[in-house]
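[1] for reference, the sequence and a predicted model appear below.
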Amino acid sequence: MLGLELTTALAVAASGLFVFVGYAIVVGGGNEITPGDHQLHTLARDLYDRTVAHVVEVITAFGSLPFTAGLGLLAAAALASRRRGLELVVLVVGFALIVAAVSITKGAIGRPRPPDRLTGATGSAYPSGHAAYSTVYVALAVIASRLLGRLRNRAALVTAGVAASVLIGLTRIYLRVHWWSDVAGGWGLGLGIFATLASVALVVDYVRHNWRTDGARS
């Protein structure tokens, strides 16, 4: 079981950080607009509807820093009460690193946002903070799934977490406050950080369990 979980975590970490760094290199060298950026921005304009836009603005708020940080703190308190130390560290340290990385990268790259935004937004475009912060839903779903024994429930939880993150990221494109590459980079950053810490936690938990087992036998 450890082998599968660790392999999955490492694959997600490598893929996520590859996407984040790759897009940072592309858009940081002259604020280039990728074909995907152009196509999805045009699609968002074509699909615009005032009522839909109002609904999307509500959905996008679930990816804001205040909301995701508050959700993370509630989950951290629950994990602390259950003495789930490793999961607590992954969640808290991971989210803190994501917030710091988003701020640093935005300042370093300074990419302009799309010119026809439908809602207010501050700071530069790359990476999307909402997309990066929304990966906390994936992290929380994975943590919750590890506390449940039934495989069907675990799969449903993780699927829901991924769906929430994807939906929040897409709202940033629909509202035209981010390009596709901003959102993809945000997802890559968040998932990369959480998955890297999860990989370390899995190894630590495995070593600690074996140490306790060997100690009990001796």
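    Looks like it came in fine. Since the model is a prediction, treat every value here as computed from it, not as a measurement.
[2] contacting residues for Glu32?
    Val26 (C-beta atoms under 8 Å, 6 or more residues apart in numbering). Bear in mind the C-beta positions are built from the backbone N, C-alpha and C, glycine included.
[3] need phi/psi at it.
    Backbone torsions of Glu32, given as degrees, to the nearest 10, read phi -70, psi 140.
[4] 26 is where my numbering starts, stick with that
    Sure, I'll start numbering at 26, so the last one becomes Glu57.
[5] now it: how far from Ala226?
    37 Å (C-beta to C-beta, to the nearest Å).
[6] before we move on, what about Ala78?
    Distance, Ala78 to Ala226, using C-beta to C-beta: 40 Å.
[7] do Phe219 as well
    With distances taken as C-beta to C-beta, Phe219 is found 10 Å from Ala226.
[8] quickly find the element holding Thr147.
    For Thr147, there is no enclosing helix or strand under DSSP states H and E.
[9] biggest helix in this structure by residues?
    If you go by DSSP state H, the chain has its longest helix at helix 205-242.
[10] quick one: that helix to chain centroid distance?
    Taking C-alpha atoms, centre = their mean, to the nearest Å, one finds helix 205-242 lying 14 Å from the centre of the chain it belongs to.
[11] how about stretch 141-153?
    The answer for stretch 141-153 is 18 Å, by C-alpha atoms, centre = their mean.
[12] any buried residues in it, and which?
    Buried residues in stretch 141-153, counting neighbours by 16 or more other C-beta atoms under 10 Å, are found at Leu143, Ala146, Ser149, Ala150, Tyr151, Pro152, Ser153.
[13] ok, and the closest non-adjacent residue to the first one?
    It stands for Leu143. Spatial nearest neighbour of Leu143, chain neighbours left out: Leu200 (4.6 Å); criterion: C-beta to C-beta, 6 or more residues apart in numbering.
[14] residues contacting that neighbour?
    Counting by C-beta under 8 Å, 6+ apart, Leu200 makes contact with Ala69, Ala78, Val81, Glu82, Thr85, Arg142, Leu143, Thr144.
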